[in-house]
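build me a model from this:
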Amino acid sequence: MDANKLETVLIKHQQWLNFLRTGERAHLEGADLEGAHLGEWYILSIGPIGSRQATLTYKRRGEFEEVMTGCWRGTLLEFQEAVTKKHGITKYGVAYQAAITFIRTLLAERKSG
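Numbering: from 1, shown residues only. The predicted structure is shown next:
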């Protein structure tokens, strides 16, 4: 899948998330995006993880960032606060905190080039 097609899929998926008729749910299961040029998008999926064994998706474009898992959506900081509040130091909390650390490490490596 090239960057233009992926961007179209992501735009339609965002429309679907916002309940617009023009939207369409993205189906990227099994897609090998390693090394794919995503234009300005940086997307990372981790899973299965957490109490529901769902996929945790982090996406960033410029200053916009979003973490999604199940129906939860917010920034990385908001996610960390929600994890601490809901899961504390349980095995799910520890797993989510490790994922957060992993994401932050990758972001720092991208910035340092």
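
and the worst-scoring helix or strand of the chain on mean pLDDT, how far from the chain's centre?
Of the helices and strands making up the chain, the lowest-confidence element is helix 3-17, at a mean of 77, by mean pLDDT, DSSP states H and E. Centre-to-centre, helix 3-17 and its host chain are 14 Å apart (CA atoms, centre = their mean, to the nearest Å).

pull the longest helix from this structure.
Counting by DSSP state H, the longest helix found in the chain is helix 91-112.

which residue lies farthest from the center of this structure?
Here the chain reaches farthest from its C-alpha mean at R21, the gap being 23.3 Å by CA atoms, centre = their mean.

could you point out which element follows the least confident helix or strand of the chain?
Reading on from helix 3-17 to the C-terminus, the next helix or strand found by DSSP states H and E is strand 41-49.

next, the angle helix 91-112 makes with that next one.
Orientation of strand 41-49 against helix 91-112 (axes from the mean of the first three to the mean of the last three CA atoms, to 10 degrees) gives an angle of 160 degrees.
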